[in-house]
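Engineer: Attaching a predicted model along with its sequence, questions to come.
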Amino acid sequence: MKRIHEGMLLALATAAVAGCSSDSTGLSIPDIVGTWHATKFEFVATANSSTKTDVVALGGVATVVLRADATFTITLTAPGQQPIVSSGSYSETATTLTIIITSETPTQTVTFTMDVSGSTMSLTGGVATFDFGSGDVPAFVNLTLVKS
């Protein structure tokens, strides 16, 4: 089985955090406070886009609880691993989400392009490392989350 770094998964899975306001472009930021479940958690090698792994398809589960005070808690269970709980804060615009994981040392920051349509949120463009089987390599992260 491919090795998934605990901190990396937390950084990516917590990408589902956002709140309710508007940004300087005049676009309204959707209200996405609540509980979200990952239906896709895909890593794509930056050097070869045909090299990819979807952690959810492998049996992973991620649940994100988003609060109106711009904080979050995530519980992530990767296949064959114990649940990992992470927390932190976020900042956003109508199209960008930056998450700050404060429960880890050092603090991690990941920025995504965000698109929300109804009860589905897509996050793309976050960069992290992932082991596709022969060591860590840079990878883009694509997430799809559904609000319950």
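Structural biologist: Good, I have the coordinates. Predicted, not measured: the structure shown is a model, and the values here were computed from it.
Engineer: so residue 85 sits right up against residue 72, yeah?
Structural biologist: No - when contacts are counted by CB atoms under 8 Å, residue 85 is not listed as touching residue 72 (10.9 Å). For glycine as for every other residue, the C-beta is placed from the backbone atoms N, C-alpha and C.
Engineer: more neighbours, these two?
Structural biologist: The neighbour comparison of residue 85 against residue 72 (other CB atoms under 10 Å) goes to residue 72, with 26 against 10.
Engineer: The more buried one: which element?
Structural biologist: strand 71-77 (DSSP states H and E).
Engineer: The helix or strand just after that strand vs strand 71-77, what angle?
Structural biologist: Later in the chain than strand 71-77, the nearest helix or strand by DSSP H and E is strand 84-92. Counting by axes from the mean of the first three to the mean of the last three CA atoms, to 10 degrees, strand 84-92 lies at 140 degrees to strand 71-77.
Engineer: so what strands line up beside strand 84-92?
Structural biologist: Neighbouring strands of strand 84-92 in its sheet, by DSSP bridges, are strand 71-77 (antiparallel), strand 96-101 (antiparallel).
Engineer: Next, format those strands as CSV and append mean pLDDT and distance to residue 64.
Structural biologist: Shown next, in CSV, are those (pLDDT from 0 to 100; distance: least, CB to CB, whole Å):
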stretch, mean pLDDT, distance to residue 64
strand 71-77, 81, 5
strand 96-101, 86, 10
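Engineer: Worst mean pLDDT across the helices and strands of the protein, which element?
Structural biologist: Least confident element among the helices and strands of the chain, by mean pLDDT, DSSP states H and E: strand 21-22 (a mean of 42).
Engineer: average pLDDT across the helix or strand following that one?
Structural biologist: Sequence-wise, the next helix or strand downstream of strand 21-22 (DSSP H and E) is strand 28-29. Taken as a whole, strand 28-29 has a mean pLDDT of 70.
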